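# Could you work out the structure for the sequence below:
(one chain, ligands or ions: 1)
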Amino acid sequence: MGGVQDEHGEKVRESQRQVRYDYKNRLEGMMRKFSWMLLVLLAFSVYAEDEKEVVIESLEGLKGVTAKKIIWKKDGAKMVSIPGGNKTKPFWIDTTEVTVGQFKKFLLESDHQFDTKLWRNIYRFSATDKSPIIYVSWDDAKAYAKWAGRRLPREEEWEWAARGGLKDKIYPWGDNRSQARDYANYDGAGGKDKWKYCAPVGSFEANGYGLHDMAGNVWEWSQDWYDDNRTRYRLLRGGCWINDIKALNVANRCSPAPYFRQSYIGFRCVVSGSP
Ligand SMILES: [Ca+2]
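Got it, this is the predicted structure:
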């Protein structure tokens, strides 16, 4: 009898050990899962901090920002952080050309003189508030940038940003001409390019840095001079809606007088610094 009881007791003890073993295993499994969840949550919160768009009011407000995308409060411009390169320190740049709507806000909130007769032509070629402002001289662009608390890009900054992280490529998207209509508004139409004149900003694919219309739509004023004497010609970059594809070459430069205004000239702004 004792032998049977012992055997029974051993079975009970064995099953209890099994229960304890199973419980321990489940507990360890849960702890492992919980740790993974914590890691994922932590990673996501860091990612979310980098991805969320922080609203910035001034250069002072940029200090300590860790996000790579910001919204510039004065005019609502979306900006992204561009890493430093051989010829540039890190900076922030508008993801789109300055719009008609943003420029109107500037005129309302500043005492900048702008010929009202220009508006008829502006609306003819750049029809909506989301379309790029045009018929702006270098001085208009400069005044806007100052009002907004930003500045015009230096030539090296503009080109570095336009290349979108690519090296030695012809266009902001690479070398493939057949992709041009996905990325740029230029002469003629086809594919995504359905506009005869200016397209609303951001209508085309962005380059590797998230920047739209670095090729085409409107030429963009640079802060720099074109001529070595630094007296006669300013600089435009990027080509525009009346140009053929050759003008979209990311190294292409145009040298107008600073007072030049046209249906295909606009700008975007930058600020120095990095997250
Ligand atoms: Ca452009």
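
# what does the chain have sitting close to the ion?
Proximity of the chain to the ion (C-beta under 5 Å from the ion) is limited to residues Asp213, Asn217, Gly238. Every residue, glycine included, has its C-beta placed from N, CA and C.

# doesn't Asn207 make contact with Thr95?
No: in this structure Thr95 lies outside contact range of Asn207 using C-beta atoms under 8 Å: 10.0 Å.

# Mind jotting down where the strands sit in the chain?
Ranges of strands within the chain are 53-56, 69-72, 77-82, 91-94, 219-225, 234-237, 253-254, 265-266, 270-272, based on DSSP state E.

# just to revisit the earlier point, neighbour count for Thr95 and Asn207, which is higher?
Taking Thr95 and Asn207 together and counting by other C-beta atoms under 10 Å, Asn207 has the greater number of neighbours (25 against 21).

# Skip the chain neighbours and tell me the closest residue to the more buried one.
What sits nearest to Asn207 in space, not counting adjacent residues and going by C-beta to C-beta, 6 or more residues apart in numbering, is Gly164, at 3.2 Å.

# swap in Tyr259?
Ser137 (5.1 Å).

# Which residues are in contact with the one you found?
Ser137 is in contact with Pro258, Tyr259, Phe260, Arg261, counting by C-beta atoms under 8 Å, 6 or more residues apart in numbering.

# Return the member of these nearest to Lys105.
Arg261 (19.8 Å; C-beta to C-beta).

# so how many other residues sit close to the nearest residue to the closest one once chain neighbours are set aside?
Counting by C-beta to C-beta, 6+ apart, Arg261 lies nearest to Tyr135, which is 4.4 Å off, once chain neighbours are set aside. Neighbours of Tyr135 under the rule other C-beta under 10 Å: 23.

# I figured the residue nearest to Asn207 hits His212, correct?
No: distance between Gly164 and His212: 10.8 Å, which falls outside the contact criterion (C-beta under 8 Å).

# The nearest residue to Lys196 once chain neighbours are set aside: neighbour count?
Leaving aside its chain neighbours, Lys196 sits nearest to Ala189 (7.0 Å; criterion: C-beta to C-beta, 6+ apart). Neighbour count of Ala189, defined by other C-beta under 10 Å: 13.

# Tyr123 versus Ala189, what's the distance?
Between Ala189 and Tyr123 the distance is 20 Å, computed by C-beta to C-beta, to the nearest Å.

# quick one: Gly174 from Glu155, how far?
Taking C-beta to C-beta as the criterion, Gly174 is separated from Glu155 by 22 Å.

# For these two, indicate the residue with more neighbours.
Neighbour comparison, Gly174 and Glu155: the larger count goes to Glu155, with 17 against 14 (by other C-beta under 10 Å).

# ok so, going back, now do the residue nearest to Lys196 against the ion, distance only.
Per C-beta to the ion, to the nearest Å, Ala189 is found 17 Å from the ion.
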